[in-house]
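**Student:** this is the structure alone, sequence omitted:
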């Protein structure tokens, strides 16, 4: 991952590395369990403590194939959604 | 965009800001024209000069609603795809 040079490439590498920082903790090393997702959201998205119900709901909305794990594709859909929210915020600010 | 603190939040902000750095150059300020996409890919993805045919093809594959412009949603699908490619590379490396 070290050949990433531009800010955009570094950002993409961060998205990948953040996933693996948590997915490797327990169970399948290539997917996020509910507990891993909770830790990621809490530590990496600055939302503070997330309620059990909140994580349940997030998990349900992200887990497209209903296998109780978030794979990298499901995670990337999640981040796209966040990006779009940030983008709407950005558009609002620049008006 | 300044309240972004964690590496993941900063990365998401970079994705949004990179889009706007190019989308604002000509025409619709909220979408990427073919020319803007070409500049973005060339400057921000370290791929060097991209052929006209290559950009045509990329544009065609990203422009889901065929309006000859890449909106933020189409751009985020593109980045997800890149992320998945990086992720596959990462998985390959760690084997």
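**Tutor:** Here it is on my side, so go on. Since this is a predicted model, take the numbers as computed values, not measurements.

**Student:** for the rest of this, base every contact and every neighbour count on C-alpha atoms.
**Tutor:** OK.

**Student:** average model confidence for stretch A:45-53?
**Tutor:** Averaging pLDDT along stretch A:45-53 yields 83.

**Student:** actually stretch A:74-92, not the one I wrote
**Tutor:** Mean predicted confidence for stretch A:74-92 is 88.

**Student:** show me what counts as buried in it.
**Tutor:** Neighbour-count burial for stretch A:74-92 flags A:74-80, A:83-84, A:86-87, A:90 (criterion: 16 or more other CA atoms under 10 Å in any protein chain shown).

**Student:** out of those, list just those in helices.
**Tutor:** A:74-80, A:83-84, A:86-87, A:90 (DSSP state H).

**Student:** check contacts around residue A:74.
**Tutor:** By CA atoms under 8 Å, 6 or more residues apart in numbering or on different chains, residue A:74 lies in contact with A:62-64.

**Student:** for chain A, which residue gets nearest to chain B?
**Tutor:** Across chain A, no residue is closer to chain B than residue A:11, which sits at 4.3 Å (CA to the nearest CA).

**Student:** could you say which helix or strand holds that residue?
**Tutor:** According to DSSP states H and E, residue A:11 maps onto helix A:7-23.
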